[in-house]
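Engineer: sequence first, then the predicted structure:
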Amino acid sequence: MSLHTSKNLLHTISYPPAPKKPFYSPPLKNAQSKELVATYKKSVESKRNDLRKFILTTSGERTSGPTATQLVEEGKTFLDKHDVDGALSNLLEAVRMGLDTPEVYRLAGEAYKDKGMASEAIEMYTKSLERDPLNMELYHDKGNCFLQLDDFNSAVDEFEKYLKMEQPVYDLLVKTGKACLDAERFDRALELLNSAMEINDKDPYVLYNMGELHERIGDTAKATEYFGKVHAADNDFAKPYLERAAIEEKEENLALALHLYESILKVLPTDAKIYVHCADIYLRLGEEYSSNALSCLTKSIELATGDEDDELLGPLLYVKRGVLLFDQFNDLDAAIADFTIALAEDDNLDTALEFRAACFRQRNQMGDLQAAKDDYEKFVNHDKVAAERKGPPCVFLAEYYFSNRQYTQAANFYQQAWLCNVDYPFELEKISLAYLHSWVAKTKRPEEEAVPTITTNQNTTTTTTTATLQPPKDPNRPTTADTHTTAVSADEASKCASLQQYAFDAYYRPRRELEPTAHTELFYAFHDAWQPHTEDMARRTNPEAGGKGAKKAAKKK
């Protein structure tokens with residue numbers, strides 16, 4: 001047929017009518033969609049019940065062990081008794097036997113969650129939802145597990161699934177809003193927290209998170225307003241967080257403890273004690289945080305009113321800042337000022353005395369060494385200071401008095417340093433000369449000789465040896481007096497005696513062989529006093545030699 005002849009037939013062709021375009025209908029509202037979901041869930045559950053009668057069961061010989069279904073029931077029982085390991089053992093065995101139901105995976109997920117194994121719990125929850133995606137509670141549980149892993153984006157995704165399918169509850173609104181804040185989804189966080197505040201605008205936790213949100217988006221004024229409302233809504237809001245921070249600090253979880261303290265400072269910005277805790281943690285974190293520690297200590301000093309009973313906010317606060325200024329910033333003038341303020345309130349602060357003296361020595365301006373000497377003398381007489389801390393100050397005092405030709409005091413402090421086991425390369429010449437001057441001065445005044453009392457564990461004996469400088473009653477309590485009677489242990493007495501004996505011999509032996517013209521008046525005075533003492537000591541230590549000598553002298557006569 002040609003195109004020309006077919007044109008006559010075109011009018012006989014009929015086409016179906018075009019479908020009419022439906023009118024626009026608005027989308028279903030949230031409540032309607034949830035109603036449809038609920039209807040769908042009921043229909044699916046009904047269909048599932050109808051199909052159960054077609055499930056095939058195996059026949060044949062029964063095994064002696066429990067079936068998979070029985071294992072699941074036993075697993076439930078173990079979970080009720082909080083026996084997580086027993087529950088997991090039964091549930092996983094049921095899975096190995098071929099049981100592949102959403103219930104067994106859900107229970108296994110709960111067991112893993114109770115055991116603190118969030119990743120394994122998420123895996124089990126996922127398998128359960130693959131087999132039953134309408135179990136809304138599992139989305140919530142799965143989101144909580146993601147929160148434990150600090151995976152805030154995944155947690156938000158799971159919580160949002162629940163919110164779309166179920167009626168939103170207040171706690172979940174707050175939790176999801178906080179998760180959005182941590183995931184930096186600020187717009188959604190603001191929306192959810194506002195929804196929560198419409199339900200309860202006095203919840204301090206919601207108010208705090210609103211403050212955090214506005215702080216992170218840069219609205220400082222709004223953030224301060226919300227933080228201020230927290231304490232007004234609940235005076236005890238900060239208490240559990242402070243307790244938790246103290247526990248974490250004690251357990252050396254310093255980063256978490258610092259985060260908690262700094263979070264509470266947003267609510268209580270005038271609490272000086274919290275700044276002290278932050279400073280302590282910064283100091284423990286290392287030298288790179290010294291500036292942060294100094295800022296916190298300065299802020300706490302500014303906020304402290306002086307009426308607090310807590311010792312953290314007393315003069316020790318100035319001592320702590322002074323030590324930091326000396327050790328890390330070498331700001332000697334500021335450190336001395338802090339120590340002076342502290343000592344004005346309590347002149348018995350050993351740390352302030354010790355470090356102020358060190359500052360004076362390092363600054364070394366006119367009169368500083370004299371001031372250091374005064375502080376150190378108070379320090380070494382402090383009752384509660386350990387002996388190892390007194391050693392270096394005793395060495396400084398000995399050197400100070402020696403340089404000023406006050407040899408008796410120098411000998412005393414050399415002796416104190418010796419008793420403190422100080423790690424110091426003693427200059428034997430100085431020690432010898434100091435003891436020499438002290439010895440000669442004492443031998444010229446025999447009526448002033450001290451009679452030492454040596455105390456042992458068994459009994460107390462009194463002797464009248466010619467020892468000049470006696471050890472103190474307690475090595476932790478040295479004295480500056482050059483002559484007195486004290487009770488000391490036998491070990492300490494022998495230690496001081498050995499030091500003195502060694503010093504005298506070291507001075508005397510090399511000099512007695514010199515030419516008479518090289519001898520000084522001081523040497524002759526020393527020789528006259530020291531030689532009889534050495535001969536007497538030799539007779540005491542070797543009585544047989546003395547006895548033989550006496551027999552020989554008798555024969556010659």
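Structural biologist: That came in fine, so what should we check first?
Engineer: is Lys94 in contact with Glu103, as I believe?
Structural biologist: Small correction: residue 94 is Ala, not Lys. No: at 9.9 Å, Ala94 does not count as touching Glu103 under the criterion of CB atoms under 8 Å. Every C-beta, even on glycine, is put in place using the N, C-alpha and C of the backbone.
Engineer: overlap of the contact sets of the two?
Structural biologist: Taking CB atoms under 8 Å, 6 or more residues apart in numbering as the contact rule, Ala94 and Glu103 both touch Val72.
Engineer: out of the two, which sits in the more crowded spot?
Structural biologist: Ala94 (26 against 18; other CB atoms under 10 Å).
Engineer: how many neighbours does Ala196 have?
Structural biologist: 24.
Engineer: tell me the mean pLDDT for the helix or strand where it lies?
Structural biologist: According to DSSP states H and E, Ala196 maps onto helix 186-199. Across helix 186-199, pLDDT averages out at 95.
Engineer: for it, packing partners?
Structural biologist: Helix 186-199 sits against helix 170-182, helix 204-216, with contacts defined as 3 or more CB pairs under 8 Å, 6 or more residues apart in numbering; DSSP states H and E.
Engineer: now that helix, how far from the centre of its chain.
Structural biologist: Centroid separation between helix 186-199 and its chain, computed with CA atoms, centre = their mean, to the nearest Å, is 37 Å.
Engineer: list the contacts of it.
Structural biologist: 156, 168, 170, 173-174, 176-178, 180-181, 203, 206, 209-210, 213, 216-217.
Engineer: can I get that helix in PDB, CA atoms only?
Structural biologist: Extracted in PDB, the C-alpha atoms of helix 186-199 (Å, rounded to 0.1, in the frame of the first residue of the first chain):
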ATOM      1  CA  PHE A 186      24.700  22.300  64.800                       C
ATOM      2  CA  ASP A 187      21.400  23.100  63.000                       C
ATOM      3  CA  ARG A 188      19.900  19.700  63.800                       C
ATOM      4  CA  ALA A 189      21.200  20.000  67.400                       C
ATOM      5  CA  LEU A 190      19.500  23.400  67.900                       C
ATOM      6  CA  GLU A 191      16.300  22.000  66.500                       C
ATOM      7  CA  LEU A 192      16.200  19.000  68.800                       C
ATOM      8  CA  LEU A 193      17.300  20.900  71.900                       C
ATOM      9  CA  ASN A 194      14.600  23.500  71.300                       C
ATOM     10  CA  SER A 195      12.100  20.700  71.000                       C
ATOM     11  CA  ALA A 196      13.300  19.400  74.400                       C
ATOM     12  CA  MET A 197      13.100  22.800  75.900                       C
ATOM     13  CA  GLU A 198       9.500  23.100  74.800                       C
ATOM     14  CA  ILE A 199       8.800  20.100  77.000                       C
END
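Engineer: report the buried members of the contacts of helix 186-199.
Structural biologist: Neighbour-count burial (16 or more other CB atoms under 10 Å) applied to the contacts of helix 186-199 gives 156, 168, 173-174, 176-178, 180-181, 203, 206, 209-210, 213.
Engineer: what strand or helix carries Ala293?
Structural biologist: Applying DSSP H and E, one finds Ala293 within helix 290-303.
Engineer: ok, then the element right after that helix?
Structural biologist: helix 315-327.
Engineer: what mean pLDDT does that next one have?
Structural biologist: 95.
Engineer: same check, this time on stretch 132-149
Structural biologist: pLDDT averaged over stretch 132-149 gives 93.
Engineer: residues in contact with it?
Structural biologist: Here stretch 132-149 has contacts from 41, 44, 102, 106, 109-110, 113, 116, 118-119, 121-122, 125-126, 128-129, 152, 154-159, 161-162, 165-166, 172, 179, using CB under 8 Å, 6+ apart.
Engineer: now, which of these lie within strands?
Structural biologist: Mapping the contacts of stretch 132-149 onto strands (DSSP state E) picks out no residues; all lie outside.
Engineer: where in the stretch 101-250 of the chain is pLDDT low?
Structural biologist: By pLDDT under 70, the stretch 101-250 of the chain contains no weakly predicted segment.
Engineer: hmm, 90 instead?
Structural biologist: 134, 136, 164-169, 231 (pLDDT under 90).
Engineer: tell me the contacts of Gly109?
Structural biologist: 121-125, 128, 138, 141-142.
Engineer: what segments of this protein are strands?
Structural biologist: Counting by DSSP E, the strands of the chain are 453-455, 460-462, 487-489.
Engineer: picking that back up, and the helix holding Ala196, which residues are buried?
Structural biologist: Those would be 188-190, 192-193, 196-197, for helix 186-199 by 16+ other CB under 10 Å.
Engineer: got the angle between that helix and helix 204-216?
Structural biologist: Angle, helix 186-199 to helix 204-216, by axes from the mean of the first three to the mean of the last three CA atoms, to 10 degrees: 150 degrees.
Engineer: which of the contacts of Gly109 sits closest to Val267?
Structural biologist: Among these, Asp141 lies closest to Val267 (CB to CB), at 31.2 Å.
Engineer: so what touches stretch 97-108?
Structural biologist: By CB under 8 Å, 6+ apart, stretch 97-108 touches 67-69, 71-72, 75-76, 79, 87-88, 91-92, 94-95, 124-125, 127-129, 131-132, 135, 138.
Engineer: from the residues you listed, list just the buried residues.
Structural biologist: Applying 16+ other CB under 10 Å to these flags 68, 71-72, 75-76, 79, 87-88, 91-92, 94-95, 124-125, 127-129, 135, 138 as buried.
Engineer: so how many other residues sit close to the nearest residue to Leu260 once chain neighbours are set aside?
Structural biologist: For Leu260, ignoring the flanking residues on the chain, the nearest one in space by CB to CB, 6 or more residues apart in numbering is Ala245 at 3.7 Å. Ala245 has 25 neighbours, counted by other CB under 10 Å.
Engineer: try Asp151
Structural biologist: Counted with other CB under 10 Å, Asp151 comes out at 20.
Engineer: could you do Ala518 as well?
Structural biologist: For Ala518, using other CB under 10 Å, the count is 9.
Engineer: swap in Lys430?
Structural biologist: The burial count for Lys430: 18, using other CB under 10 Å.
Engineer: wait, doesn't it sit right on Phe402?
Structural biologist: Yes: counting by CB under 8 Å, Lys430 does reach Phe402; the two are 5.7 Å apart.
Engineer: now do the shared contacts for those two.
Structural biologist: Ala410.
Engineer: ranked by average pLDDT, which of the strands of the chain falls at the bottom?
Structural biologist: Minimum mean pLDDT among the strands of the chain: strand 453-455, a mean of 29.
Engineer: could you measure from Tyr261 over to Asn235?
Structural biologist: For Tyr261, the distance to Asn235 equals 18 Å [CB to CB, to the nearest Å].
Engineer: who has more neighbours out of these two?
Structural biologist: Tyr261 (26 against 10).
Engineer: contact partners for the more buried one?
Structural biologist: 242, 245, 274, 277-278, 281.
Engineer: Glu137 and Lys113: what is the separation?
Structural biologist: Distance from Glu137 to Lys113, by CB to CB: 12 Å.
Engineer: show me which of those two is the more surrounded one.
Structural biologist: The neighbour comparison of Glu137 against Lys113 (other CB under 10 Å) goes to Lys113, with 21 against 11.
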